[in-house]
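Q: Turn this into a model:
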Amino acid sequence: MGMALGSMIAPAADTDDRVSDVLRLRREITRMQRRRSDLPLIPVLPALESILPEGGLQVGTTYSLSSSPGLIGALLAGASRTGAWCAAVGMPTLGVEALAGHGVDLDRLLLVPAPGPRWLSVVSALSEVIPLIAIRPATSAREAELSRLSARLRDRGCTLLVVPGPGSQAWPQSEGSIRVHDPRWQGLGDGWGALEECEVTVTARTRRSPVPQSVRVRLPDVHGRIHETVEAAAPALPRLFPLPSAAAEARPVTAIDARPSSESPALLAVAG
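A: Numbers count the residues shown, from 1 in each chain. Predicted coordinates:
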């Protein structure tokens, strides 16, 4: 069928460019075609493994995300570093340079910035060849349409990361949600400096783990790495104050007596 279609296309002078583009796209899709993955999980970066059951994203499911480019980049990076293809749909302001900084392989990233109301068709087509897709729906969709797409995702083994869009609704049969909150930027001083990295809390709640699990991470750090941060709280120092010696005789306290003396022993009490 593919060879017959190619032979039927007449390479007229005014359509050479268009024919060349069509054939190139067909070759690219053929090269990208994959069989359904038998792996139960899509890997995530080590810093995020602890908040997800079995340490990864379930294949063929849907997750709701915060509107955070850093979180999107972190989740795409986990799959991308294993050589998997990823896609971002409906996110025209998503920075390619920022994704590369998170570790996303741009040679295996497909961007569809503005699919408009046809985003469902775009995601359905991409699910044939791409195992991890981030989507910001441009319009709402009927629940029956979303259910059909969910069935297709399960059949093809594609995982969907849904970022809230205008008029978006809760996704039926969603596996769970992953949110970022409590951001803290670093790099600014008193009237100087530049924003270098953001420290956030990432919280996941899934059907397999309904109790929220959280981790504090830098997203990313100045070297492009995403790692867990450990905030070691400084132990509270006990407050010490001198008590009179048990052998000391009762006498008026003068200013000289109030000063500590290294020659006379004293008992110490600890006040919490």
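
Q: in the stretch 101-250 of the chain, which spans are helices?
A: 119-126, 143-156 (DSSP state H, counting those that start in this stretch).

Q: Redo these as TSV? Include distance to T82.
A: Using the backbone N, CA and C atoms, a C-beta is placed for each residue, glycine as well. Shown next, in TSV, are those (distance: least, Cβ to Cβ, whole Å):
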stretch	distance to T82
helix 119-126	18
helix 143-156	18
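
Q: any idea which of these is most buried?
A: Most buried of the helices of the stretch 101-250 of the chain by mean neighbour count (mean count of other Cβ atoms under 10 Å) is helix 119-126; its value is a mean of 18.

Q: so that one versus helix 143-156, what angle?
A: Angle, helix 119-126 to helix 143-156, by axes from the mean of the first three to the mean of the last three Cα atoms, to 10 degrees: 10 degrees.

Q: Beta-bridge partners for S64, please?
A: Counting by DSSP bridges, S64 forms beta bridges with V162, S177.

Q: Can you give me the neighbour number for P113?
A: P113 has 11 neighbouring residues, counting by other Cβ atoms under 10 Å.

Q: just to revisit the earlier point, between the helices of the stretch 101-250 of the chain, which one is nearest to A204?
A: With Cβ to Cβ as the measure, helix 143-156 is the member of the helices of the stretch 101-250 of the chain nearest A204 (19.1 Å).

Q: Contacts for the closest one next, please.
A: Contact with helix 143-156 is made by 36, 60-62, 120, 123-124, 127-128, 158-160, 171-173, as judged by Cβ atoms under 8 Å, 6 or more residues apart in numbering.

Q: then it to PDB, C-alphas only?
A: Only the C-alpha atoms of helix 143-156 are listed here, as PDB (Å, rounded to 0.1, in the frame of the first residue of the first chain):
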ATOM      1  CA  GLU A 143     -16.400  12.100  28.600                       C
ATOM      2  CA  ALA A 144     -17.100   9.400  26.000                       C
ATOM      3  CA  GLU A 145     -14.200  10.800  23.800                       C
ATOM      4  CA  LEU A 146     -11.900  10.800  26.800                       C
ATOM      5  CA  SER A 147     -12.800   7.300  27.600                       C
ATOM      6  CA  ARG A 148     -12.100   6.100  24.100                       C
ATOM      7  CA  LEU A 149      -8.700   7.800  24.200                       C
ATOM      8  CA  SER A 150      -8.000   6.200  27.600                       C
ATOM      9  CA  ALA A 151      -8.800   2.800  26.000                       C
ATOM     10  CA  ARG A 152      -6.400   3.500  23.200                       C
ATOM     11  CA  LEU A 153      -3.700   4.500  25.600                       C
ATOM     12  CA  ARG A 154      -4.000   1.200  27.400                       C
ATOM     13  CA  ASP A 155      -4.000  -0.700  24.200                       C
ATOM     14  CA  ARG A 156      -0.900   1.000  22.800                       C
END
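
Q: Start the count at 119 instead of 1 going forward.
A: All set: I'll call the first residue 119, so the last point we hit is now helix 261-274.
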